[in-house]
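S.K.: Provided below are the primary sequence and the corresponding predicted coordinates.
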Amino acid sequence: MASERKVIVAFLLLGVGMAGAQEPPATGYWRGVYEVRQFFFSKAIAHDTAHNRDYILRSTDLTKFDYSFYQNPDGVVRADLTRMNRNRSVEGPYDVAIMDFARGTRITFDKRGKQAVEAPVLPPGRGQPMGRRTIMGIECDGVSYRWEVTTDMISSEQWTPRDSTLRLPLLTVEYRTDTRQGALADLWLRIVTKIEESPQVPASLFAPPPGLELIRMPYVSPL
């Protein structure tokens with residue numbers, strides 16, 4: 001199946017092994033590691049002045065983001081950026097994301113910033129079921145989404161634990177295609193690489209600090 005190949009490729013690219021099943025935590029709290037990889041595909045034409053000819057440059061740029069995350073018994077997830085493979089740019093990412101799956105919102109902010117951005121936690125439109133798959137010993141439901149942003153078509157596949165209190169998708173594969181050229185522009189992989197029971201975490205961590213200016217936006221690719 002095509003979707004099966006995509007899942008296998010995601011694990012191979014990240015070097016992730018499929019660990020044993022995780023039992024529901026007695027405390028109601030989860031914690032773990034969440035990794036994000038963005039592959040940006042580019043093509044450019046350069047000119048060789050010495051030989052007076054043009055040639056094509058093709059490249060793939062890889063950006064890595066690592067997060068630690070906690071989830072409380074209400075299904076609210078807090079993810080903190082712990083590492084990335086390049087200097088922070090003006091565009092982000094934000095230090096912290098708080099995802100409330102019951103309310104359907106995601107709030108992102110910088111720890112020293114003055115603003116927070118609120119957006120939907122799920123992509124727009126109605127998701128299409130993709131069946132079930134076991135990931136890290138946990139049975140997951142797959143849902144695919146497809147939507148347009150200006151000249152781009154975005155496709156997303158999310159695999160979320162079934163019959164579990166863990167609400168964070170274990171694996172998300174997202175493609176952005178430039179519809180003008182029919183070319184794949186970038187590929188996002190988001191994957192949980194470690195899950196374990198957590199001691200109780202202060203409730204204040206699952207809400208943005210007071211005083212931040214809240215800016216509401218439509219769905220954007222998370223983290």
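M.R.: Yes, it's here.

S.K.: got the contact list for stretch 69-89?
M.R.: Stretch 69-89 is contacted from outside by 28-34, 62-68, 93-102, 165-168, 192, 198, 201, 203, 205-206, 223, using CB atoms under 8 Å, 6 or more residues apart in numbering. All C-beta spots, glycine's among them, are computed from the backbone N, C-alpha and C.

S.K.: ok, 6 Å please
M.R.: Under the contact criterion CB atoms under 6 Å, 6 or more residues apart in numbering, stretch 69-89 has outside partners 28-32, 34, 64-68, 95-102, 167-168, 198, 201, 205-206.

S.K.: show the buried residues in those residues.
M.R.: Neighbour counting with 16 or more other CB atoms under 10 Å marks 29-32, 34, 65-67, 95-101, 167-168, 198, 201, 206 as buried within the contacts of stretch 69-89.

S.K.: among those residues, which are in strands?
M.R.: Counted as lying in strands by DSSP state E, out of the buried ones among the contacts of stretch 69-89, are 30-32, 34, 65-67, 96-100.

S.K.: which residue packs closest to the residue nearest the centre of the chain, ignoring adjacent ones?
M.R.: The residue lying closest to the centre of the chain (CA atoms, centre = their mean) is Arg190, at 4.1 Å. Setting aside the residues directly before and after it, Arg190 is nearest to Thr172 in space (CB to CB, 6 or more residues apart in numbering), at 4.1 Å.

S.K.: may I have the helix or strand containing the residue nearest to the centre of the chain exported as CSV, CA atoms only?
M.R.: Using DSSP states H and E, Arg190 falls within strand 183-197. Taking C-alpha atoms only, strand 183-197 is exported to CSV below (Å, rounded to 0.1, in the frame of the first residue of the first chain):
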residue,chain,number,x,y,z
ALA,A,183,6.4,20.0,-8.2
LEU,A,184,6.9,18.8,-4.6
ALA,A,185,8.1,21.9,-2.7
ASP,A,186,8.6,20.4,0.8
LEU,A,187,7.9,17.4,3.0
TRP,A,188,7.3,17.5,6.7
LEU,A,189,7.7,14.5,9.1
ARG,A,190,6.5,14.8,12.6
ILE,A,191,7.0,11.8,14.9
VAL,A,192,6.9,10.8,18.5
THR,A,193,10.1,8.9,19.3
LYS,A,194,9.7,8.3,23.0
ILE,A,195,6.7,7.9,25.3
GLU,A,196,6.6,7.1,29.0
GLU,A,197,4.5,7.7,32.1
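
S.K.: show the subsequent helix or strand relative to that strand.
M.R.: strand 213-216.

S.K.: partners of that following strand in the sheet?
M.R.: Strand pairing for strand 213-216, using DSSP bridges, gives strand 115-120 (parallel).

S.K.: so what touches the strand it pairs with?
M.R.: So strand 115-120 is contacted by 104-109, 208, 212-217, 219-220 (CB under 6 Å, 6+ apart).
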